[in-house]
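Engineer: using only what follows, build the 3D model:
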Amino acid sequence: MKELNDSNFEAEVLQAEGLVMVDFWAVWCGPCRALAPIVEEIAGQYEGKVKVCKFDVESSTEIPATYGIRSIPTLLFFKNGELVDKSTGLVMKNKLAEKIDSLL
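Structural biologist: Modelled structure (predicted):
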């Protein structure tokens, strides 16, 4: 998984081709820690089909502010650089897989 910040977000997400899922999280966030293994499993399951990235909202604040991230964990889905979907809160793996399948 690619670690994102304000300086590499555009190159890694907005200029990427295909589907990119960005997990906005923080180390102190319990639901974020619960979601982390699910995100890792999804990254493995969809390797080569979906680019999975993590964005620590504590280390960089410009991008989360730009996309109105007020609650974490939040997953943003970009397709060819365009925001196409969003999920906030802890989500189960099967629901996340269904969402990704619908976006591919």
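Engineer: phi, psi of residue 8?
Structural biologist: phi -110, psi 0 (degrees, to the nearest 10).
Engineer: find the nearest non-adjacent residue to the spatially most distant residue from the centre of the chain, please.
Structural biologist: For the chain, the largest distance from the centre (C-alpha atoms, centre = their mean) belongs to residue 28, which lies 17.4 Å off. Leaving out its chain neighbours, the residue that sits closest to residue 28 by C-beta to C-beta, 6 or more residues apart in numbering is residue 58, at 7.9 Å. (Glycine included, C-beta is placed from N, CA and C.)
Engineer: where does that neighbour fall, secondary structure wise?
Structural biologist: Taking DSSP states H and E as the definition, one finds residue 58 inside no helix or strand.
Engineer: any buried residues in stretch 46-60, and which?
Structural biologist: By neighbour count on 16 or more other C-beta atoms under 10 Å, the buried set for stretch 46-60 is 46, 50-57, 60.
Engineer: all helices of the protein, in order?
Structural biologist: For the chain, the helices defined by DSSP state H occupy 9, 30-45, 62-66, 93-103.
Engineer: right, and these - which one's nearest residue 77?
Structural biologist: helix 93-103 (5.7 Å; C-beta to C-beta).
Engineer: give the rounded mean pLDDT of the closest one.
Structural biologist: Mean per-residue pLDDT for helix 93-103: 97.
Engineer: gap between the residue most central in space within the chain and residue 93?
Structural biologist: Taking C-alpha atoms, centre = their mean, the centroid of the chain lies closest to residue 22, which sits 1.7 Å from it. Distance of residue 22 to residue 93, computed by C-beta to C-beta, to the nearest Å: 17 Å.
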